[in-house]
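Engineer: the sequence and its predicted three-dimensional model are supplied below.
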Amino acid sequence: MALRDHIEELEPTTLILVGFVLFVFPEPATSTLGVGLMLLGGAWWLWAWR
């Protein structure tokens with residue numbers, strides 16, 4: 001199980017993590033952007049999983 005085998009899961013996971021970090025900041029614009037990135041990352045992750 002090399003990292004090379006799971007590289008397609010790394011990009012959406014990174015989007016989800018960055019979105020979560022932006023969501024935690026108490027600024028409405030970054031929170032909205034964070035939610036959008038988390039949704040995009042989640043949809044991408046599910047699409048790649050399927």
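Structural biologist: Ah, there it is.
Engineer: grab the most central residue of the chain for me.
Structural biologist: residue 16 (1.9 Å; C-alpha atoms, centre = their mean).
Engineer: tell me which residues touch it, please.
Structural biologist: The contact partners of residue 16, taken as C-beta atoms under 8 Å, 6 or more residues apart in numbering, are 37-38, 41-42, 45. C-beta coordinates here come from the backbone N, C-alpha and C atoms, glycine included.
Engineer: try 6 Å
Structural biologist: When contacts are counted by C-beta atoms under 6 Å, 6 or more residues apart in numbering, residue 16 touches 38, 41.
Engineer: again with residue 31
Structural biologist: So residue 31 contacts residue 23 (C-beta under 6 Å, 6+ apart).
Engineer: give me the pLDDT value at it.
Structural biologist: On pLDDT, residue 31 comes in at 94.
Engineer: with residue 1 instead?
Structural biologist: 57.
Engineer: again, but for the one 5 residues further on
Structural biologist: At residue 6 the predicted local confidence, pLDDT, stands at 73.
Engineer: quick check: the gap between it and residue 36.
Structural biologist: 25 Å (C-beta to C-beta, to the nearest Å).
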